[in-house]
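Trainee: Model the structure of this input:
(chains A, B, C and D)
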Number of protein chains: 2
Amino acid sequence: MKLITRDTDYAVRALSFIASSSKDIVPAAELVRELKVPRPFLRKILQRLNKKKVLRSHKGKGGGFSLIVAPNKIFLLGLIRIFQGPLALNECFLKKLPCPNMKSCVLRRKIKNIEGHMLNELSPITIASLLK
Amino acid sequence: MKLITRDTDYAVRALSFIASSSKDIVPAAELVRELKVPRPFLRKILQRLNKKKVLRSHKGKGGGFSLIVAPNKIFLLGLIRIFQGPLALNECFLKKLPCPNMKSCVLRRKIKNIEGHMLNELSPITIASLLK
DNA sequence: ACAAATGATACTATTGTGGTATCATTACCT
DNA sequence: AGGTAATGATACCACAATAGTATCATTTGT
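Mentor: The predicted structure is shown next:
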C-alpha cells in the first residue's frame, strides 16, 4: 500500500533541490543528473508542476524551472493531491453505495478516523520543513 | 488509495453472515444470494479462508462452510494480511535503498508514525465487534 | 447412481503506476 | 537571421495488482 507514489516522491525531491539551489532557474538536465531520475519522466512531472503554478517554466537557452511558491508554502499534501488525487482511504466503500449493511458503516467510521489522523499528521509538512 | 480491497471486504461480509447465521454450515450459494457477490469470486475467497484455517469446508451434499475460529478471534488485520499482505504504508521508500537523501528519512519517520497509529486503531476490530 | 456441494487451476479484463518517444515551440546568443 | 538549448504537448508502451470468469475434478449424502 503506497501512501506516496513515485511521481510525488520525485516531485518532492525536485522541488527540494530547486529550493536549496543557489541558482534561481534550474534546468531539467541538472535535476536529472542530480536526482538520478529518468529524464522524460521527470520532465512530465515538472510540466505538471508548471501547470499547477508551483513552478514557473522558462523556455529557450538558459531556461529551466523556478519556484513560484515559497518552500514553506509548498505542502506535501498539495503535491499528493496533484499526483495522486485526494487522499482518502475508503474509496472501495464509497463506490458501492448504498451502504450494503450495518457492518461496513461501523468500519467506515473507523476508517474515517484513521484518515483524519493521517491528514493531521501530514498537513504541516512542507518542502521547507523537509529541508531542515 | 484503498485501505481495504474488495476481497477483504467480501471476506468480512461472508464471515459476518456465517457468524450470525442460525445454521452452523452455510453453503456458498446462500452467501452469493445474500451478499450479492459474484459467485466464482466469492468461492475463491472462501477457499482461501479454508486454507488459512479460518473456515472449514464441508464437501458433498449438505456441505458448505463453517467457522473454525470464534468471531471475537477473527481479526480484521488478519484478514487484511491474508488478502492484501502485511499492512505497510511505505513500500515505495523501502524499495529504493539506500536512502537517497536526508529528506525522505524525515518523511519515512512521519509515515512510520502514521502507520503505527493505523495499526493501533485497527487491531481491536474483529468480526464480533462489527456485528454489534 | 445422482445431485449437490467444494477443490484446483488456469484464464481474462480493467486499471493504475511507471516510463518512453516524438515533434513542436520558444528564446538566447552570435 | 540562424543555430542551439531549453520546455510544451501529446501519444504511446510495459508491467503489476485488482477484480472477475471458466472449467473440470472430487467428495459425500440420499
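Trainee: Following element in sequence after the least confident helix or strand in chain A by mean pLDDT, please.
Mentor: Scoring the helices and strands of chain A by mean pLDDT, DSSP states H and E places helix A:91-95 at the bottom, with a mean of 51. Next along the chain after helix A:91-95, taking DSSP states H and E as the criterion, comes helix A:102-122.
Trainee: Buried ones in that next one, by neighbour count?
Mentor: Residues of helix A:102-122 classed as buried: A:Lys103, A:Ser104, A:Leu107, A:Lys110, A:Ile111, A:Ile114, A:Glu115, A:His117, A:Met118, A:Leu122 (neighbour count, 16 or more other Cβ atoms under 10 Å in any protein chain shown). The way it works is simple: take the backbone N, C-alpha and C, and place the C-beta from them, glycine included.
Trainee: The residues you listed into a markdown table, with extra columns for pLDDT and distance to B:Glu30?
Mentor: Output for the buried residues of helix A:102-122, formatted as a markdown table (pLDDT from 0 to 100; distance: Cβ to Cβ, whole Å):
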| residue | pLDDT | distance to B:Glu30 |
| --- | --- | --- |
| A:Lys103 | 54 | 18 |
| A:Ser104 | 58 | 20 |
| A:Leu107 | 84 | 23 |
| A:Lys110 | 87 | 28 |
| A:Ile111 | 89 | 28 |
| A:Ile114 | 90 | 33 |
| A:Glu115 | 92 | 34 |
| A:His117 | 91 | 38 |
| A:Met118 | 93 | 38 |
| A:Leu122 | 95 | 44 |
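Trainee: how many neighbours does the residue in chain A that DNA strand D sits nearest to have?
Mentor: Across chain A, the shortest distance to DNA strand D (Cβ to the nearest atom of the strand) belongs to A:Ser57, at 2.9 Å. A:Ser57 is flanked by 15 other residues according to other Cβ atoms under 10 Å in any protein chain shown.
Trainee: how about it, what does it touch?
Mentor: By Cβ atoms under 8 Å, 6 or more residues apart in numbering or on different chains, the contact list for A:Ser57 reads A:Leu46, A:Gln47, A:Asn50, A:Gly63, A:Gly64, A:Phe65.
Trainee: would it count as being in a strand?
Mentor: Yes. Counting by DSSP: H, G, I helix; E, B strand; the rest coil, A:Ser57 is located in a strand.
Trainee: For the residue nearest to the spatial centre of chain A, what is the enclosing helix or strand?
Mentor: Central residue of chain A (Cα atoms, centre = their mean): A:Leu79, 2.2 Å from the mean position. Assignment of secondary structure by DSSP H and E places A:Leu79 within helix A:76-84.
Trainee: Mind checking if that helix is in reach of DNA strand D?
Mentor: No. Using Cβ under 7 Å from any atom of the strand, helix A:76-84 stays clear of DNA strand D, with a minimum separation of 14.4 Å.
Trainee: So which bits of that helix are buried?
Mentor: Buried residues in helix A:76-84, counted by 16+ other Cβ under 10 Å: A:Leu76, A:Leu77, A:Leu79, A:Ile80, A:Ile82, A:Phe83.
Trainee: Output these in a markdown table; the columns should cover pLDDT and distance to A:Asp9.
Mentor: Compiled in a markdown table, the buried residues of helix A:76-84 are given as follows (pLDDT from 0 to 100; distance: Cβ to Cβ, whole Å):
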| residue | pLDDT | distance to A:Asp9 |
| --- | --- | --- |
| A:Leu76 | 96 | 11 |
| A:Leu77 | 97 | 14 |
| A:Leu79 | 97 | 9 |
| A:Ile80 | 96 | 10 |
| A:Ile82 | 97 | 13 |
| A:Phe83 | 97 | 9 |
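Trainee: CA atoms of stretch A:67-86 as PDB?
Mentor: This file holds the C-alpha atoms of stretch A:67-86, laid out as PDB (Å, rounded to 0.1, in the frame of the first residue of the first chain):
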ATOM      1  CA  LEU A  67       9.800  28.200  -7.800                       C
ATOM      2  CA  ILE A  68       6.600  30.300  -7.800                       C
ATOM      3  CA  VAL A  69       5.600  29.300  -4.300                       C
ATOM      4  CA  ALA A  70       7.900  29.700  -1.300                       C
ATOM      5  CA  PRO A  71       9.200  26.400   0.100                       C
ATOM      6  CA  ASN A  72       7.300  26.900   3.300                       C
ATOM      7  CA  LYS A  73       4.100  27.200   1.400                       C
ATOM      8  CA  ILE A  74       4.500  24.100  -0.700                       C
ATOM      9  CA  PHE A  75       2.700  21.400   1.200                       C
ATOM     10  CA  LEU A  76       3.200  17.700   0.800                       C
ATOM     11  CA  LEU A  77      -0.500  17.200   0.800                       C
ATOM     12  CA  GLY A  78      -0.900  19.600  -2.100                       C
ATOM     13  CA  LEU A  79       1.700  17.600  -4.100                       C
ATOM     14  CA  ILE A  80       0.000  14.300  -3.200                       C
ATOM     15  CA  ARG A  81      -3.300  15.700  -4.400                       C
ATOM     16  CA  ILE A  82      -1.700  16.900  -7.700                       C
ATOM     17  CA  PHE A  83      -0.200  13.500  -8.500                       C
ATOM     18  CA  GLN A  84      -2.400  11.000  -6.700                       C
ATOM     19  CA  GLY A  85      -5.700  12.800  -6.300                       C
ATOM     20  CA  PRO A  86      -7.400  13.500  -3.000                       C
END
